[in-house]
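Visitor: how does the following fold in three dimensions:
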Amino acid sequence: MRALLFAAALRHAARTAHGLSVAAQHRRRVLRGVLQQELEGQHRARLNLEAEMNRRRDVVDENDGEAYTQAYAKAAKRAEAVPRRLAEVTRRGEQLEALLERSRGATEDEVNNLYQEVADELADKLETFDADAAARDQFGRPAGFDGL
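Guide: Okay, the predicted model is just below:
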């Protein structure tokens, strides 16, 4: 009987208020950090593409027919690709937001499933992401600050 109570106490101690084991909490923390970084990258890409769409693409005609034609064709090709790329970036951002939302309040099995789902695309980032370093590098935190 004591052994069962001791085992139950150990299982309870290994879990937190969220009901996740320490390993699952770490996985969720890494997963959320990587997803957040990717989402920020998609946001920056979207802003750059929107700025690219608003930029004028004047090609100066310097009485050189062939050079002008090549420059115009290159500018037109770039202008064509921007809306397509913007749609891709927006779609990917929405996917990352959905994954990030699914990770909130996820059970241990859901965390593991999400981790495996994301690991297919971002395995190298999941392996090298340091959640503690990311917390220390938050904007506005002075060097050496470990408090809340």
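Visitor: center of this structure - which residue?
Guide: residue 38 (2.2 Å; Cα atoms, centre = their mean).
Visitor: work out for me the element it sits within.
Guide: Per DSSP states H and E, residue 38 falls inside helix 22-54.
Visitor: show me what that helix is packed against.
Guide: helix 65-103, helix 108-128, helix 131-136 (3 or more Cβ pairs under 8 Å, 6 or more residues apart in numbering; DSSP states H and E). Yep, even glycine has a C-beta here, placed from its N, CA and C like the rest.
Visitor: thinking again about what came up before, look at the residue nearest to the centre of the chain and report its pLDDT.
Guide: Listed pLDDT for residue 38 reads 90.
Visitor: cool, and residue 71?
Guide: In this prediction residue 71 is given a pLDDT of 78.
Visitor: what's around it, how many residues?
Guide: 16 (other Cβ atoms under 10 Å).
Visitor: show me the contacts for residue 31.
Guide: Residue 31 sits next to 103, 111, 114-115, 118, 126 when contact means Cβ atoms under 8 Å, 6 or more residues apart in numbering.
Visitor: in this structure, what spans have low per-residue confidence?
Guide: 1-18, 56-64, 135-148 (pLDDT under 70).
Visitor: circling back to that earlier point, which of the contacts of residue 31 are buried?
Guide: 103, 111, 114-115, 118, 126 (16 or more other Cβ atoms under 10 Å).
Visitor: show me what contacts the residue lying closest to residue 50 once chain neighbours are set aside?
Guide: Among residues not flanking residue 50 along the chain, residue 86 sits closest, at 6.9 Å (Cβ to Cβ, 6 or more residues apart in numbering). Residues near residue 86 by Cβ under 8 Å, 6+ apart: 46, 49-50, 53.
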